[in-house]
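Undergrad: quick one, fold the following:
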Amino acid sequence: MVHEENNISNRKLTIVLKLGTSSICDEITHFPLLANLSHIVETIIKLKDIGHRVVLTTSGAVGVGMRALDIDTKPDELAKKQALAATGQGKLMSLYESLFEQFKQPTAQILLTKGDLADHTRYKNARNAIEELFAAGVIPVVNENDTISVNEIRFGDNDTLSAITAEATQTPK
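TA: Below you'll find the predicted structure:
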């Protein structure tokens with residue numbers, strides 16, 4: 001998702017890249033797809049270097065958790081999915097941090113739920129935090145907070161989350 005900044009003459013964009021679990025983890029082994037992730041990180045660095053603001057919206061915490069706990073099949077029970085997300089989220093962020101560190105690019109993790117974005121004050125707080133991260137030159141890495149989500153763990157496979165993130169990162173008019 002892309003939207004333009006207010007100053008159209010600069011043509012600087014805010015770009016929200018959304019990665020699904022299948023782009024992050026092998027569907028069978030759940031090993032991280034390092035070539036995919038490295039390519040995405042390099043692309044984000046290039047976009048930022050030419051002046052664009054970039055947000056990475058990512059899935060994958062459950063998949064990474066499955067690998068960490070050597071679980072082959074995604075469970076149906078919400079509590080088990082939440083436990084996998086809790087196990088995988090830090091590992092996923094650590095993976096992103098190590099890849100971005102190769103370019104000396106700081107990142108920040110933002111975990112959100114539908115409730116965070118439905119509440120006006122919390123939405124504004126998330127938006128303000130993202131703006132401050134942009135100002136500091138940090139790449140925000142946004143994911144649904146699957147560990148505490150109660151609505152069957154999905155915004156819509158993070159598609160809705162990335163759309164709302166794109167809206168939240170628009171420069172106020």
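Undergrad: please make it C-alpha for all contacts and neighbour counts, starting now.
TA: Will do.
Undergrad: ok, then the element right after the helix or strand bottoming out on mean pLDDT in the chain?
TA: Every helix and strand of the chain was ranked by mean pLDDT, DSSP states H and E. The lowest is strand 2-4, at a mean of 53. Proceeding N to C from strand 2-4, the next assigned helix or strand is strand 13-19, under DSSP states H and E.
Undergrad: who does whatever helix or strand comes next after that next one touch, helix- and strand-wise?
TA: Using DSSP H and E, the helix or strand that follows strand 13-19 in sequence is helix 21-24. Helix 21-24 is packed against helix 34-49, with contacts defined by 3 or more CA pairs under 8 Å, 6 or more residues apart in numbering; DSSP states H and E.
Undergrad: how about the helix it packs on: buried residues?
TA: Buried residues in helix 34-49, counted by 16 or more other CA atoms under 10 Å: L37, I40, V41, E42, I44, I45, L47, K48.
Undergrad: swap in stretch 19-39?
TA: L19, T21, S23, I24, C25, H30, P32, L37.
Undergrad: and the gap between the second one and D70?
TA: Read that as T21. Using CA to CA, to the nearest Å, T21 is found at 17 Å from D70.
Undergrad: all strands of this protein, in order?
TA: 2-4, 13-19, 53-58, 107-112, 139-144 (DSSP state E).
Undergrad: any idea which of those strands has the lowest pLDDT on average?
TA: Out of the strands of the chain, strand 2-4 stands lowest, with a mean of 53 (criterion: mean pLDDT).
Undergrad: in the lengthiest helix in the chain, what's buried?
TA: The longest helix of the chain (DSSP state H) is helix 78-101. By 16+ other CA under 10 Å, the buried positions in helix 78-101 come out as 78-79, 81-89, 91-93, 96-97, 99-100.
Undergrad: could you give the angle of that helix to strand 139-144?
TA: Using axes from the mean of the first three to the mean of the last three CA atoms, to 10 degrees, the direction of helix 78-101 lies 170 degrees away from that of strand 139-144.
Undergrad: pull the CA atoms of helix 78-101 into PDB?
TA: In PDB, the C-alpha atoms belonging to helix 78-101 read as follows (Å, rounded to 0.1, in the frame of the first residue of the first chain):
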ATOM      1  CA  LEU A  78      -6.800 -20.200  20.400                       C
ATOM      2  CA  ALA A  79      -4.700 -20.500  23.500                       C
ATOM      3  CA  LYS A  80      -2.200 -22.800  21.700                       C
ATOM      4  CA  LYS A  81      -2.000 -20.300  18.800                       C
ATOM      5  CA  GLN A  82      -1.400 -17.500  21.300                       C
ATOM      6  CA  ALA A  83       1.400 -19.500  22.900                       C
ATOM      7  CA  LEU A  84       3.000 -20.100  19.500                       C
ATOM      8  CA  ALA A  85       2.800 -16.400  18.800                       C
ATOM      9  CA  ALA A  86       4.300 -15.500  22.100                       C
ATOM     10  CA  THR A  87       7.200 -17.900  21.400                       C
ATOM     11  CA  GLY A  88       7.700 -16.800  17.800                       C
ATOM     12  CA  GLN A  89       7.300 -13.000  18.100                       C
ATOM     13  CA  GLY A  90      10.600 -12.200  19.800                       C
ATOM     14  CA  LYS A  91      12.400 -14.600  17.500                       C
ATOM     15  CA  LEU A  92      10.800 -13.000  14.400                       C
ATOM     16  CA  MET A  93      11.700  -9.600  15.600                       C
ATOM     17  CA  SER A  94      15.300 -10.700  16.400                       C
ATOM     18  CA  LEU A  95      15.600 -12.000  12.800                       C
ATOM     19  CA  TYR A  96      14.400  -8.700  11.400                       C
ATOM     20  CA  GLU A  97      16.800  -6.800  13.700                       C
ATOM     21  CA  SER A  98      19.800  -8.800  12.700                       C
ATOM     22  CA  LEU A  99      19.000  -8.400   9.000                       C
ATOM     23  CA  PHE A 100      18.500  -4.600   9.300                       C
ATOM     24  CA  GLU A 101      21.600  -4.300  11.500                       C
END
